[in-house]
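Provide a 3D model corresponding to the input given below.
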Amino acid sequence: MSPHTPPLRGLLPPEGADPAWGGPAPDLVTAQPLQAWIDGIGLIAPGLTDWPTAAAVLRGEATYEAAPSVLPVPLLLPPAERRRASRVIRLSLGVGQEAVAHAGADASTLATVFAASGADGHNCHALCEQLAGDDRQISPTRFHNSVHNAAAGYWGIATHSMAPCQVIGAFDASFGAGLLDALAQVAMDGQPVLLVAYDSEYPEPLHALRDTPDCGGVALLLSAQRSDASLGSITVAPSTLSAELLEQPALEGLRKNIPALRALPLLRRLACGITGPVVLDYLAPMQLQVDLQDLRK
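Next comes the predicted model:
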């Protein structure tokens with residue numbers, strides 16, 4: 001993992017403010033917006049197998065039908081790693097590959113940001129079961145799949161990438177945190193960054209406390225300059241307005257219950273060709289206002 005952590009001064013509380021933002025909202029007027037072009041999108045969610053399927057549903061051209069998430073076989077991995085790949089690995093590689101292919105980019109050259117509210121729910125459950133029993137000998141494979149940066153590691157193996165990689169967790173704000181980090185890198189380095197946001201469900205009894213219904217993820221390939229692959233531009237700034245909800249109850253349920261899918265209001269506007277600002281969930285009281293412009297006709 002790269003030690004490079006770009007500063008996000010323009011989108012953080014002003015100097016001297018309460019880090020928990022427990023008092024009045026900070027002065028957001030002086031914050032510096034972050035801008036990038038979206039060159040590729042990947043999406044896997046319950047009932048939504050890929051971005052074209054999701055775009056048709058978000059536009060109202062197709063009816064949403066609830067179904068378990070369909071996770072692709074990670075063919076880029078060598079056979080040994082492919083056999084060990086968990087649901088989270090298959091999910092994150094699947095959405096990342098779709099976004100890269102959508103943009104016609106070279107995955108091995110891309111800096112990446114992986115954002116997740118947790119790690120691998122099923123693997124965590126299995127570890128807890130084993131540690132609660134008499135045999136506490138944890139297998140190395142089980143352990144290395146349990147860490148938060150496992151998906152990023154498998155991505156590096158699959159794509160032969162030596163580019164910088166960040167791994168971020170911010171509970172329900174993980175998509176927003178990943179988006180800020182990716183945009184800051186684009187602004188600082190002028191190079192494309194692939195954001196992969198993903199989440200996994202937990203089996204019971206953990207599911208009762210963290211009721212993510214299924215795994216789901218979103219990937220965005222963000223670039224500093226417009227290209228033939230660019231779908232539109234986004235400019236992100238802090239906001240204290242409420243996050244935009246989705247009118248369709250089933251889709252709003254996905255947005256609310258799978259943190260990575262807090263991106264859905266933005267993706268709906270992209271799919272429908274609607275420009276203008278949309279507010280996404282972040283760390284209350286601060287939200288993220290994403291201004292979408294220059295959509296490809």
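
and the strand ranked longest in the chain, what's its mean pLDDT?
Under DSSP state E, the strand in the chain containing the largest number of residues is strand 34-44. Averaging pLDDT along strand 34-44 gives 98.

which parts of that strand are buried?
Neighbour-count burial for strand 34-44 flags 34, 35, 36, 37, 38, 39, 40, 41, 42, 43, 44 (criterion: 16 or more other C-beta atoms under 10 Å). Where C-beta positions appear, they are placed from N, C-alpha and C, glycine not excepted.

Neighbouring strands - and their directions - for it?
Partner strands for strand 34-44, per DSSP bridges, with pairing direction: strand 216-223 (antiparallel), strand 232-239 (antiparallel).

Quick check: what element follows it along the chain?
Later in the chain than strand 34-44, the nearest helix or strand by DSSP states H and E is helix 51-59.

I'd like to know which elements that next one is packed against.
Applying 3 or more C-beta pairs under 8 Å, 6 or more residues apart in numbering; DSSP states H and E, one finds that helix 51-59 contacts strand 34-44, helix 87-103, helix 264-272.

Using CSV, list the CA coordinates for that helix.
This file holds the C-alpha atoms of helix 51-59, laid out as CSV (Å, rounded to 0.1, in the frame of the first residue of the first chain):
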residue,chain,number,x,y,z
TRP,A,51,-23.8,-0.6,-15.2
PRO,A,52,-25.9,-0.8,-18.4
THR,A,53,-28.6,-2.8,-16.5
ALA,A,54,-28.6,-0.3,-13.7
ALA,A,55,-28.7,2.7,-16.0
ALA,A,56,-31.8,1.3,-17.7
VAL,A,57,-33.5,0.8,-14.4
LEU,A,58,-32.5,4.3,-13.1
ARG,A,59,-33.9,5.8,-16.3
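
between that helix and helix 264-272, how many degrees?
In this structure, helix 51-59 runs at an angle of 90 degrees to helix 264-272, with axes from the mean of the first three to the mean of the last three C-alpha atoms, to 10 degrees as the basis.

returning to that earlier point: any chance of the helices and strands packed on helix 51-59 in JSON lines with distance to residue 176 as columns?
Compiled in JSON lines, these are given as follows (distance: least, C-beta to C-beta, whole Å):
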{"stretch": "strand 34-44", "distance to residue 176": "12"}
{"stretch": "helix 87-103", "distance to residue 176": "17"}
{"stretch": "helix 264-272", "distance to residue 176": "11"}
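
from the buried residues of strand 34-44, which is closest to residue 227?
Taking C-beta to C-beta as the measure, residue 39 is the one of these closest to residue 227, at 6.2 Å.
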